[in-house]
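> Let me see the structure of the following:
(chains A and B)
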2 protein chains.
Amino acid sequence: MVSEHMVKLGMNRNIMREIFEHGKRRAKVVGAGNVLDFSLGNPSVPPPAKVNDTIRAVLDGPLHDSVHAYTSAPGDQGCRDAIAASLTHRFGVFCTGDELYLTVGAAAALCCCLFGLHTPGDEFIVIVPYFTEYRVFIESAGAKAVEVPAAPGTFDLDLAAIEAAIGPNTKGILINSPNNPAGVVYPAATIRGLADLLRRKSSEFGNPIYLISDEPYREVVYDGVEVPWLPAYYENTLVCYSYSKCLSLPGERIGYVLVPQSAEDWARVYAAVAGAGRGIGYINAPSLFQHVAAACDGLTADLSVYETNRNRLYRGLTEMGYTCVKPDGTFYLIFQAPDLDSMAFSKRAMKYDLLVAPTDTFGCPGYLRVAFCVDTGRVEKALPVFRRLAQEYGLCK
Amino acid sequence: MVSEHMVKLGMNRNIMREIFEHGKRRAKVVGAGNVLDFSLGNPSVPPPAKVNDTIRAVLDGPLHDSVHAYTSAPGDQGCRDAIAASLTHRFGVFCTGDELYLTVGAAAALCCCLFGLHTPGDEFIVIVPYFTEYRVFIESAGAKAVEVPAAPGTFDLDLAAIEAAIGPNTKGILINSPNNPAGVVYPAATIRGLADLLRRKSSEFGNPIYLISDEPYREVVYDGVEVPWLPAYYENTLVCYSYSKCLSLPGERIGYVLVPQSAEDWARVYAAVAGAGRGIGYINAPSLFQHVAAACDGLTADLSVYETNRNRLYRGLTEMGYTCVKPDGTFYLIFQAPDLDSMAFSKRAMKYDLLVAPTDTFGCPGYLRVAFCVDTGRVEKALPVFRRLAQEYGLCK
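Prediction:
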C-alpha cells in the first residue's frame, strides 16, 4: 500500500543510531557519566563564537527581517560570492559564486548530484568502507552502487581495483576524504593517479566519469595533513561540502555543491544539480545559515579535544595490542576485532557500557568504529575497559 | 550524459520566476518604485517579533551551543510535543508529537509523502489550477499526476469530477486550501463530501486513498473564514504544513507532515514518510527553526496589509469590469483575461511595468494571478494601470 522500500528505510535505523538509543536507555539506569558512548559522529565541541555572533549581527542589522525571505534557488548571490572568494583564497583555484549551489547539508548535496547526473542503467562506485547512507542515496536516485574495497591495511584508494570496476555504465565515483569511518586522507599522489585513471576511462567509454567528493571532514585533520583540493586535479569533480562538522552545526543543514567551470558541459551539469534540488523539494538552503556559512567559511570550532582524543586512543589501543588505523582526519578511529567478529565485540563491549559500532554496515565487517567526538574524560574512562576487553581476547595481559 | 529531465527542471524556471527576473532588470532602468511587480508569493510583511526573539532567547539560553546539533530525524521531541499541543488546542483534535515529522518546509513535506506513499503505477489527483511544482514532485517520485478541474466559477472542489477520475491506481489526492492561485477555501460541506467519496472509493478498490493537504496558507484568511482541519473529517489525511507564509520566513525552510494516528496502518505510513525523508537526503529539519516553530505555532505576522490589498484589488478590478475570484485566503487574486488569452494580457501589462503571471502553468489558462503580498502603495499605483488595460480591452470606458 505504501512504498516498502521507504517503510524499511524509516523503520530500520542504522546500527550507530540503534547503539546510541541503547546508550540513552542505559544512561537512565546507570547515569549518563557511566555510559561510554562512542557511537555517533555528533560534534561535541561548541561552534566557534562567530556562528552565533553572525546570527546576532544579521538579526540586529539591516537584514533583520528580510534575511528570512526566499533566496534564489542556488542561494543568495552575495553569500555564494563570499564563499567562492574564500575557497579561491584557501585553495588557489579561482572559482565564482555561480559555480556554487548552496544545499541543505551534504546529504542534500549528494542527492542533488546523484539525482541530477543519473540516467537509467547508471552505476556509481563507492569505496568500502563507506558511509552507510551512500547506498541509500544512490538507490533512491535509481542507480546502482558498485562497491570497491579500499587498499587493505592503509585504506587508501586501490586504483587497480577501481579500474577493474569501471565499465560503460559507470557514471561516477563517490569518495570521502577525510574518510568516515577509516579516518584516512587520500594523498595527492593517489588523487593524481585517480584523475589519470578517470580521464583515461572517460575517453575509453566516450563519457565523462564524475568524481563526487563528499568532504564534510575537510578541516578536521591532524599533524598538518593536507587534503587535496580536487578541482585542481580533475576537471569533472563535484565537491559536496557541509559546514556540519567543522563548525559544529550539523542540525542546521547547510552545505554546497561546487560544480567547477572546468567540468565538461558545465552549464548542463550545474543545471542538472539545480534541477534535482528543485525536483526533490529543496527550495533553497536555509537562508539565515547561508549568511553564517559566508561569514565562517574556513573557520573551525576548537578541534583540539579531537586531536587529544585521537592521540590518546591510538596510542592506548595500539599498546594494548589492537590493530588500529591511525586517523589523518575525522573524529573516527577504526580497529580490528581481535577475532574479526565485530558484532560480537560490540556486544561484549556493551556489557561494560562501552558503545562502539561494528563497521559491517559500512560494507566492511571485522572492524569497530570509535567516534571520539566526546570529552577526553570519557576516553580516559574507556581505556581501562578497552584493556579489559583486550585481556579477554588474549591480546595482552 | 546527465539527466535531461533534471537539466530541464534546472534551466526552465517557472514563469513567475521569469517575470520576477524581468522585473529586477526593469527596476535598474526605471527604478524599483516604478515596477508594479505582483509576480511572486514572497511575504512582504516582517515576521512577528517573536521569531527573532525566540532565536535570540535560544542563543542566549542554556541551549546556545547544543541547539545546532543533530536532532532525531523526525525532529526534536520537545519541539514536536509543543507543536502537537498547540495543534490540539487550536483544532480540537488530540495529536501527539509522535504523529509529527518536522520537515525542511512544505515542498519537502510533500516530497516525503509522495516518495513515501508511491508504489509503481500510482496516480495522484491534483485539482486544476494547482501550484506548478505539484506535478514536478509527483513525477520525481515516479508517479503520475491526474488533473481534475475545479468547479467552474467558484473554484471549489468538483466532487463528481474527482469521482470520475478515481481509479484502481489512485493512491491519493493532493489539495491546497486556501488555494494558490485561486484564493478559495474549501468549505466544511465540501470536505465532508470529499471524505465520504474517498471512503467509498477506498473500500471499492480495497486500498486507502490518501488525502494530502498542502496548507501553507492556513492562517492567511479573511472575513473570519474557517479552514476545516482535515484530520477531523478524514482518517487517511496527511497534513503538509509550512511556517513560511504565516510567519514570513519562507527562506528558512521549516514545516511538518502530520500523520494522524487515525490513519490506517499508521506506523507504516509514518515510517514511509520518514524513510522517504532519509532516502532523499533530509537528515532533520533545521534545528534552530524547530524551536522557532515550537514557540510560534499559531502566530502570524501582521497580515492586515494583505487584507487591505485584497479588498482594494477585488473591489477595484471588479468595478473595472474584470471577472475576479474573491479570495477567501492566501495573498493571490486571479481574474480572467478579457479575451481569455492570459499570455497576451501578461505581455501587454508588462509594457506598463505591471507584472502579473498567467495561470497557464497552473494548468488553467485564461487567468492572471496577482500576488498582492506587496505594500499597499504598489496596489494604489497599479490600479490606474489595470484601468487603462480594461479600457484597451473594452471592459470599461
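> buried set for stretch A:11-24?
A:13, A:14, A:15, A:16, A:19, A:20, A:22, A:23 (16 or more other C-beta atoms under 10 Å in any protein chain shown). For every residue, glycine as well, the C-beta is placed using N, CA and C.
> Greatest separation within these: which pair is it?
A:14 and A:23 (14.5 Å; C-beta to C-beta).
> Residue A:51 against residue A:244, yeah?
No: taking C-beta atoms under 8 Å as the definition, residue A:51 is not a contact partner of residue A:244, at 11.8 Å.
> And residue A:102, how far from residue B:265?
38 Å (C-beta to C-beta, to the nearest Å).
> More neighbours: which of those two?
Between residue A:102 and residue B:265, counted using other C-beta atoms under 10 Å in any protein chain shown, residue A:102 has the larger neighbour count: 31 against 14.
> near chain B, which residues of the stretch 101-250 of chain A show up?
A:104-105, A:107-112, A:115-119, A:133, A:136-137, A:139-140, A:207-208, A:248-250 (C-beta under 8 Å from any C-beta of the partner chain).
> Give the burial count for residue A:60, as a bare number.
Residue A:60: 11 surrounding residues under other C-beta under 10 Å.
> pLDDT score for it?
pLDDT for residue A:60: 95.
> what does the one 5 residues further on give?
pLDDT recorded at residue A:65 is 81.
> host element of the nearest residue to it once chain neighbours are set aside?
In this structure, residue A:65 finds its nearest non-sequential neighbour in residue B:46, 3.7 Å apart by C-beta to C-beta, 6 or more residues apart in numbering or on different chains. Element membership for residue B:46, per DSSP states H and E: none, as it lies in no helix or strand.
> For residue B:46, give me its contacts.
With contact taken as C-beta atoms under 8 Å, 6 or more residues apart in numbering or on different chains, residue B:46 is in contact with A:64, A:65, B:248, B:301.
> Need the residues you listed in a markdown table (columns: neighbour count).
As requested, those are exported to a markdown table (neighbours: other C-beta atoms under 10 Å in any protein chain shown):
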| residue | neighbour count |
| --- | --- |
| A:64 | 14 |
| A:65 | 18 |
| B:248 | 26 |
| B:301 | 24 |
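> what distance separates the worst-scoring helix or strand of chain A on mean pLDDT from the middle of the whole chain?
None of the helices or strands of chain A scores lower by mean pLDDT, DSSP states H and E than helix A:15-30, at a mean of 88. Relative to its chain's centre, helix A:15-30 lies at 23 Å (C-alpha atoms, centre = their mean, to the nearest Å).
> and the residue most central in space within chain A, how far is that from residue B:343?
Central residue of chain A (C-alpha atoms, centre = their mean): residue A:216, 4.7 Å from the mean position. Distance of residue A:216 to residue B:343, given as C-beta to C-beta: 46 Å.
> Can you show me the helices along chain A?
Taking DSSP state H as the criterion, chain A carries its helices at A:4-11, A:15-30, A:49-60, A:77-91, A:105-117, A:133-140, A:159-165, A:188-205, A:266-279, A:287-296, A:304-319, A:342-350, A:376-392.
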